[in-house]
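Undergrad: Below are the sequence and a predicted model for it; my questions follow.
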Amino acid sequence: MYVNALKILVLLITISCSPHFANALERAANTSGGAAIAKGSAGKKSTVDPMSTGSVAVLPRPSSFVPPPTLVNWYAERGDIGFPRGSRLIYCHGYGCTFRTIVPLGAADNEKLAEIFATWGGSAAEERNGIDHAVQWWERRAAPLLGGPPDIRGSDFAHSHMQGQTDCLDEATNSTTILIYLQENGYLRYHRVLRPESRGGIFYAHATAVYEDITTKTPWIVDSWMRDAGDPNDVMPLAEWLMK
């Protein structure tokens, strides 16, 4: 009975990410201003000194990240796609994680991420900008591997079960996946990853990735659902996002 209820809830959330709800969300914002699962490992990271000296500064060693059970459960609820580990990451698309594509990250990818956080990493506020840029990069990095056109903002029913297109559950999962990778590899110094959150109740639900400022304990969101693939994302405190 629990499994059936969970499936119904996931279906309702997916339905809520429809173009009708998407348009409503955008109007509110305007008025207010096919691969197998595998595991791997990642190497040590370094970053160019932001003072433009060309020197290399080693990032902190990866912290021992122990994901909360609620975060692990999020991935089990997506059809048991497995918690992100190593450098071969699952990217969900097709709505409700219908398609799951492995995106392998290597040295060039880590250099790009190091560059992002060398530019955006001097404070908690700057790191939130870095997280936004990292999610944009992640979507652009995955797009050519997904077998379809780049993702279009929102969730048009015509795009359901179409490779490369995502609903809010896919978006929240993918953003959380790259956040976990950043956390496990020492890029995040001021934040920790939490389980995605949703708003709007059963018939108007929308999900987003969430992370927490480790000093203030304030949860923040990075929400890419109403943005085309690779565009700047919505970044704000969770409390503000829940009120929209």
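TA: Cool, the structure landed. Numbering: from 1, shown residues only.

Undergrad: For the rest of this, base every contact and every neighbour count on C-alpha atoms.
TA: Noted.

Undergrad: Any regions of the protein where pLDDT drops low?
TA: 1-64, 148-161, 201-204, 225-231 (pLDDT under 70).

Undergrad: go again using 90 as the cut-off
TA: 1-66, 78-82, 94-96, 121, 147-168, 198-206, 224-234, 243-244 (pLDDT under 90).

Undergrad: Run a quick neighbour tally on the residue nearest to residue 121 when sequence neighbours are not counted.
TA: Counting by Cα to Cα, 6 or more residues apart in numbering, residue 121 lies nearest to residue 127, which is 4.5 Å off, once chain neighbours are set aside. Look at residue 127: counted by other Cα atoms under 10 Å, it has 23 neighbours.

Undergrad: Residue 127 falls within a helix, correct?
TA: Yes: assessed with DSSP: H, G, I helix; E, B strand; the rest coil, residue 127 lies in a helix.

Undergrad: can I assume it is in contact with residue 117?
TA: Yes: in this structure residue 127 lies within contact range of residue 117 using Cα atoms under 8 Å: 7.0 Å.

Undergrad: quick revisit: the residue nearest to residue 121: what's it in contact with?
TA: By Cα atoms under 8 Å, 6 or more residues apart in numbering, residue 127 lies in contact with 117, 120-121, 188, 190.

Undergrad: list the contacts for residue 104?
TA: 87-89.

Undergrad: What of residue 196?
TA: Residue 196 touches 71, 74, 172-173, 176, 207-210, counting by Cα under 8 Å, 6+ apart.

Undergrad: ok, and the closest non-adjacent residue to it?
TA: residue 209 (4.5 Å).

Undergrad: count of residues packed around the one you found?
TA: 26.

Undergrad: elements contacting the strand or helix carrying it?
TA: Secondary structure assigned from DSSP states H and E places residue 209 in strand 206-213. Secondary-structure packing of strand 206-213 (3 or more Cα pairs under 8 Å, 6 or more residues apart in numbering; DSSP states H and E): helix 168-184, strand 191-199, strand 219-223.

Undergrad: Quick one: closest of those to residue 78.
TA: Each of the helices and strands packed on strand 206-213 has some distance to residue 78 by Cα to Cα; the shortest is helix 168-184, at 8.5 Å.

Undergrad: Mind listing what's buried along that closest one?
TA: For helix 168-184, the neighbour count (16 or more other Cα atoms under 10 Å) marks 168-184 as buried.

Undergrad: No more questions from me, cheers.
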